[in-house]
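>>> Take a look and give me a structure for this.
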Amino acid sequence: MNHQGVSEIFFEESYTVPADQTAKSLFARLPHGSGYAERLIECLATGYLVAVIESVCIREMQQYVDEAEVVVGRTIRIDHRGPIPPGSSLRLRGWLERMGERSATFRVQACDTDEIVCEATVTLVTVQRTVIETRIAAKVEALQRVHHHMGMAR
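Sure thing, here's the model as predicted:
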């Protein structure tokens with residue numbers, strides 16, 4: 001990771017909220033949320049807001065890591081302060097707040113035309129791609145063993 005480059009990250013950009021990123025739409029696709037999804041509001045789901053913010057931070061940091069590294073999320077703290085209906089234009093502003101040996105913590109603010117609708121802190125970590133892929137492969141293998149043994153037990 002290029003610490004000098006990461007230390008200078010500042011971004012400001014717009015994001016228009018699509019109609020399919022509402023709480024009602026997201027929860028309708030989840031098995032435990034489908035029963036009450038129709039009672040939810042047609043505003044940006046907090047989960048999608050987290051994904052938008054994290055994706056912008058990762059994109060910015062990705063410019064300063066080498067090919068053997070991958071950027072992953074570690075901690076996200078979010079204060080979703082106001083409703084954001086589909087079609088709203090958000091202005092996202094973010095900057096580096098703190099940096100460690102392999103991590104970077106960003107502060108992000110999202111505003112619509114009326115107010116600050118979100119403030120967040122996002123900590124990302126760089127890891128060697130081969131290390132994380134090995135960990136994932138071990139978990140996939142363990143899952144396959146469990147499923148295989150469960151199938152045999154029937």
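
>>> C-alpha only now, for contacts and for neighbours.
Will do.

>>> shaky segments in this protein?
Residues of the chain that meet the criterion pLDDT under 70 lie in 152-154.

>>> all helices for this protein, in order.
Ranges of helices within the chain are 3-7, 23-28, 46-62, 129-153, based on DSSP state H.

>>> Any idea which of those helices gets closest to Ile84?
helix 46-62 (9.6 Å; CA to CA).

>>> From the contact counts, what lies against the closest one?
Under the contact definition 3 or more CA pairs under 8 Å, 6 or more residues apart in numbering; DSSP states H and E, helix 46-62 sits against strand 69-80, strand 116-128.

>>> Around Arg29, how many other residues sit close by?
By the measure other CA atoms under 10 Å, the count of residues near Arg29 is 11.

>>> same check, this time on Leu26
Counted with other CA under 10 Å, Leu26 comes out at 18.

>>> Same question for the one 5 residues further on.
By the criterion of other CA under 10 Å, Pro31 has 8 neighbours.
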